[in-house]
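K.L.:
the following comprises the amino acid sequence and a computationally predicted model.
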Amino acid sequence: MYQAPLREQRFVLHELLGSEAALGPLYEDIGYTAELADNILEEAARFAQTVLDPINAGGDRHGARWTPERVITPKGFREAYQAYVEAGWAQLAIPQELGGQGMPQLLNTAFEEMMFASNMAFFLGTSLARGAAEAIAASATEEQKALFLPKLVTGEWMGTMNLTEPQAGSDLGLLRTRAVPDGDHYRLYGQKIFITYGEHDLSENIIHLVLARIDGAPEGTKGISLFLVPKFLVNADGSLGARNDLRCISIEHKMGIHASPTCVMSFGEKEGAIGYLLGPPNAGLSFMFIMMNAARLSVGAQGLAQSERACQLAREWARTRLQGRVEGKPAPVPIIEHPDVRRMLLGMKSRTEAMRVLCAYAAMELDKGTRLADEAARKSALARAELMIPIVKGWCTETGFEVTSLGVQVHGGMGYVEETGAAQPLRDVRIASIYEGTTGIQSNDLVNRKLGRDRGAAMQALVRDLLAELNALRALGPEAKAARNAATEAVTTLRDTTEALLQMYSERPQLALSVSVPYLKLCGLAISGALMARAASVAEAALANGDDGFYRAKLVTCRFYAEQVLPEALGLARIVKGGAASVADAPSELV
Ligand SMILES: Cc1cc2nc3c(=O)[nH]c(=O)nc-3n(C[C@H](O)[C@H](O)[C@H](O)COP(=O)(O)OP(=O)(O)OC[C@H]3O[C@@H](n4cnc5c(N)ncnc54)[C@H](O)[C@@H]3O)c2cc1C
């Protein structure tokens, strides 16, 4: 049974990053207080534990079902979605001006962790609505907003992202779905694949955001426009009209997230699907990026969430499974007594906590980047948040797979059979490093755009700030000192490696792109390492005022991270500095 890690989330939220003094002034308009945040988290935990978690394993076992008329979600999903909407969860992080509650991104990240951990396949669909609402808000006419936004915001209608086509995955420039002008709207013709919740029975209408090419538009990404294509057309008074000319022709059978329907969508088999252009023609990708940025942070949180779920299962198993002997203890011992099992558990726990602080840090920068009053400070926070997004998405999802795999290992053979539930997080999380841009695409974005655009200025500013903070940390005890020293080494390594990478990039970009994933992983490790050192220092200081076991455990985890995980940063740096040519110069025919 999943238990929301509330104590840990409160630590990150209030003690580490987003104290009331830091977040309160940014969110004065919604009357943000620490107490309000705690109440929300407690309610969310209750919802995750009592509504979503109980239908998680059944959803995995039975999956979504396709019929010619509709796609049927597994037992309990419709009721859960209704409860979700009635409780107002859909509105939590949507800005107030769009009708949402406008809660901080930092708080939303903790909320999303619980939702994804308790039932990733359920929350995947609902989490898309927020990005859809923001993309519509940024691009639609007032009339379109009035017609479509309110119900999307409340969750009465759900949203989708329709990008992928059989021949256009990572390369959206290849997409072929056609849009033909027809009076005040367009008619769309084409096929989209892999569309999450493209069809389902949870909401009365589905608002598809579809990328398509208007007849005569330029080739490549410059000729892509964004369209709003409702499943049911909407009358001027907001009531539902005729069924639009689109349908789900099949759903995929896949490795995980079985309850999330992954749909092949066919648009315009008859008279053409009616779609409304959002924003100017050929500007579709920039608006879709609004949706994708929010989604990429969320996907990073999926890596974290499934890791937390795997940790809880593995810890419980390791305390109750009896095998082997250890000197001085009655045999057989619980396997947690074996050093290697403790190593695996600490590896899982420390990486999970590191992901949590990394996600939270990016979210806090996003809060500052949209809310700070001072323009220069706001812009630099936004640049930092944008730099962090591919790192959070790429590193947390890759690490999530490692952690959930360790979870199976802790269970031994019982991890490989489905009964224990240890395999589900591993299967579910595997997609996270593929959709919303693969890790390769994230690392391209990090190197080409985020570093290339400002020649590393935002990264070097981040590194400078982290080193200054590490230098100033009050760390006296052995664990906090170990965390600080290892983090200082990792961040200094990141600084030097960034310089080497930029040099490579200016001489021959292919070299830099040959090591961009190891570089992205180095970023994730080093930045999270610095945040873990901060956590160790905060925990150490808090210990002076008493402890319920939380701070001691935090120090144990931070020390393990410093001594057994962060040294990986040195190996990655070596790969980045010395390994590029082995890829760039390797002829494809010899690979
Ligand atoms: C369960 C599921 C749900 C999905 N949900 C949605 C959805 O809701 N909406 C939607 O539009 N799509 C969705 N997708 C599609 C998903 O976003 C794509 O699968 C993903 O972007 C990768 O595209 P692709 O599968 O065509 O792989 P490809 O683009 O063919 O990539 C194959 C490999 O080549 C690498 N590669 C490709 N191009 C480059 C490059 N330029 N540089 C370096 N490496 C490269 C990739 O990293 C990858 O390793 C979903 C997919 C799945 C499986």
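P.N.:
Looks like it came in fine. Numbering: from 1, shown residues only.

K.L.:
name the nearest residue to residue 502, sequence neighbours excluded.
P.N.:
residue 456 (5.0 Å; C-beta to C-beta, 6 or more residues apart in numbering). C-beta coordinates here come from the backbone N, C-alpha and C atoms, glycine included.

K.L.:
would you confirm that the one you found contacts residue 498?
P.N.:
Yes - here residue 456 lies in contact with residue 498, judged by C-beta atoms under 8 Å, at a distance of 5.6 Å.

K.L.:
now do the same contact list for the closest residue to the ligand within the chain.
P.N.:
Relative to the ligand, the nearest point of the chain is residue 169 (1.6 Å; C-beta to the nearest ligand atom). Not one residue lies near residue 169 by C-beta atoms under 8 Å, 6 or more residues apart in numbering.

K.L.:
how about it, phi and psi?
P.N.:
phi -110, psi -100 (degrees, to the nearest 10).

K.L.:
so what pLDDT did it get?
P.N.:
Per-residue confidence (pLDDT) for residue 169: 96.

K.L.:
repeat that for the one 5 residues further on.
P.N.:
The pLDDT attached to residue 174 in the predicted structure is 97.

K.L.:
what is the burial count for it?
P.N.:
For residue 174, the tally of surrounding residues (other C-beta atoms under 10 Å) stands at 14.

K.L.:
that one contacts residue 166, doesn't it?
P.N.:
No - using C-beta under 8 Å, residue 174 makes no contact with residue 166, being 9.8 Å away.

K.L.:
show me what from this protein comes close to the ligand.
P.N.:
Applying C-beta under 6 Å from any ligand atom, we find that the chain lies next to the ligand at 161-164, 169-170, 194-196, 254, 262, 431, 434-435, 437-438, 440-441, 444.

K.L.:
only the buried subset of the residues you listed, as a PyMOL command please.
P.N.:
Command for PyMOL that selects the buried part of the residues of the chain next to the ligand, burial taken from 16 or more other C-beta atoms under 10 Å:
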select buried, resi 161+162+163+164+169+194+195+196+262+431+434+435+437+438+440+441+444
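
K.L.:
which SS state does residue 208 fall under?
P.N.:
strand (DSSP: H, G, I helix; E, B strand; the rest coil).

K.L.:
could you find the closest non-adjacent residue to it?
P.N.:
Nearest to residue 208 is residue 229, by C-beta to C-beta, 6+ apart, at 4.4 Å.

K.L.:
where does the one you found land on pLDDT?
P.N.:
98.

K.L.:
next, count neighbours for the spatially closest residue to residue 372 that is not a sequence neighbour.
P.N.:
Once flanking residues are discounted, residue 372 sits nearest to residue 378: 4.1 Å by C-beta to C-beta, 6+ apart. Residues near residue 378, counting by other C-beta under 10 Å, number 15.

K.L.:
now do residue 378 against residue 365, distance only.
P.N.:
11 Å (C-beta to C-beta, to the nearest Å).

K.L.:
ok, now residue 543?
P.N.:
29 Å.

K.L.:
quick one, which of these two is more surrounded?
P.N.:
residue 365 (24 against 16).

K.L.:
at which residues are the strands of the stretch 1-150 of the chain located?
P.N.:
Secondary structure of the stretch 1-150 of the chain (DSSP state E, counting those that start in this stretch): strands located at 65-66, 71-72.

K.L.:
any chance of TSV for these, columns distance to residue 97, mean neighbour count and mean pLDDT?
P.N.:
Output for the strands of the stretch 1-150 of the chain, formatted as TSV (distance: least, C-beta to C-beta, whole Å; neighbours: other C-beta atoms under 10 Å; pLDDT from 0 to 100):
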stretch	distance to residue 97	mean neighbour count	mean pLDDT
strand 65-66	38	16	98
strand 71-72	33	18	98
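
K.L.:
any chance of those in a markdown table, plus distance to residue 343?
P.N.:
Converted to a markdown table, the strands of the stretch 1-150 of the chain look like this (distance: least, C-beta to C-beta, whole Å):
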| stretch | distance to residue 343 |
| --- | --- |
| strand 65-66 | 42 |
| strand 71-72 | 44 |
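
K.L.:
of all those strands, which one is nearest residue 371?
P.N.:
Comparing the strands of the stretch 1-150 of the chain by their distance to residue 371 (C-beta to C-beta), the top pick is strand 71-72, with 39.0 Å.

K.L.:
all the strands of the chain, residue numbers only.
P.N.:
65-66, 71-72, 157-162, 178-182, 185-196, 205-214, 225-230, 232-234, 240-243, 246-251, 262-267, 273-278 (DSSP state E).

K.L.:
output those strands as a markdown table; include the columns distance to residue 533.
P.N.:
Formatted as a markdown table, the strands of the chain follow (distance: least, C-beta to C-beta, whole Å):
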| stretch | distance to residue 533 |
| --- | --- |
| strand 65-66 | 49 |
| strand 71-72 | 47 |
| strand 157-162 | 37 |
| strand 178-182 | 52 |
| strand 185-196 | 37 |
| strand 205-214 | 41 |
| strand 225-230 | 43 |
| strand 232-234 | 52 |
| strand 240-243 | 55 |
| strand 246-251 | 46 |
| strand 262-267 | 40 |
| strand 273-278 | 44 |
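
K.L.:
any idea of the pLDDT on residue 450?
P.N.:
96.

K.L.:
that one is in contact with residue 384, isn't it?
P.N.:
No - assessed by C-beta under 8 Å, residue 450 is found out of contact with residue 384, at 10.0 Å.

K.L.:
got any residues that touch both of these two?
P.N.:
Looking at what touches both residue 450 and residue 384 (by C-beta under 8 Å, 6+ apart), the common residues are residue 458.

K.L.:
any idea how far the residue lying closest to residue 466 once chain neighbours are set aside is from residue 329?
P.N.:
Nearest in space to residue 466, with sequence neighbours left out and distances taken as C-beta to C-beta, 6+ apart, is residue 530 at 4.2 Å. Distance of residue 530 to residue 329, given as C-beta to C-beta: 38 Å.

K.L.:
these two: which is more packed in?
P.N.:
Each of residue 530 and residue 329 has its neighbours counted (other C-beta under 10 Å); residue 530 has more, 30 against 10.

K.L.:
what sits against that one?
P.N.:
Residue 530 makes contact with 466, 469-470, 487, 490-491 under the criterion C-beta under 8 Å, 6+ apart.

K.L.:
any idea how far residue 95 is from it?
P.N.:
30 Å.

K.L.:
again, but for residue 480
P.N.:
From residue 480 across to residue 95, the span is 39 Å (C-beta to C-beta).

K.L.:
more neighbours: which of these two?
P.N.:
Shown here are residue 480 and residue 95; by other C-beta under 10 Å, residue 480 has more neighbours (27 against 18).

K.L.:
contacting residues for the residue nearest to that one when sequence neighbours are not counted?
P.N.:
Ranked by C-beta to C-beta, 6+ apart and with sequence neighbours excluded, the top spatial neighbour of residue 480 is residue 536, at 4.1 Å. By C-beta under 8 Å, 6+ apart, the contact list for residue 536 reads 475, 479-480, 483-484, 554-555, 558-559.

K.L.:
what sits against residue 344?
P.N.:
Neighbouring residues of residue 344 by C-beta under 8 Å, 6+ apart: 314, 406, 409-410.

K.L.:
could you do residue 526 as well?
P.N.:
466, 487, 490-491, 493-494, 566, 569.

K.L.:
please redo it, this time with the cut-off set to 10 Å
P.N.:
391, 462-463, 466, 486-495, 497-498, 566, 569, 572-573 (C-beta atoms under 10 Å, 6 or more residues apart in numbering).

K.L.:
got it, and residue 532?
P.N.:
16, 350, 353-354, 357-358, 483-484, 486-487, 554, 557-562, 565-566.

K.L.:
in the protein, what spans have low per-residue confidence?
P.N.:
475 (pLDDT under 70).

K.L.:
centre-most residue in it?
P.N.:
The C-alpha lying nearest the average C-alpha coordinate of the chain belongs to residue 299 (C-alpha atoms, centre = their mean; 2.1 Å).
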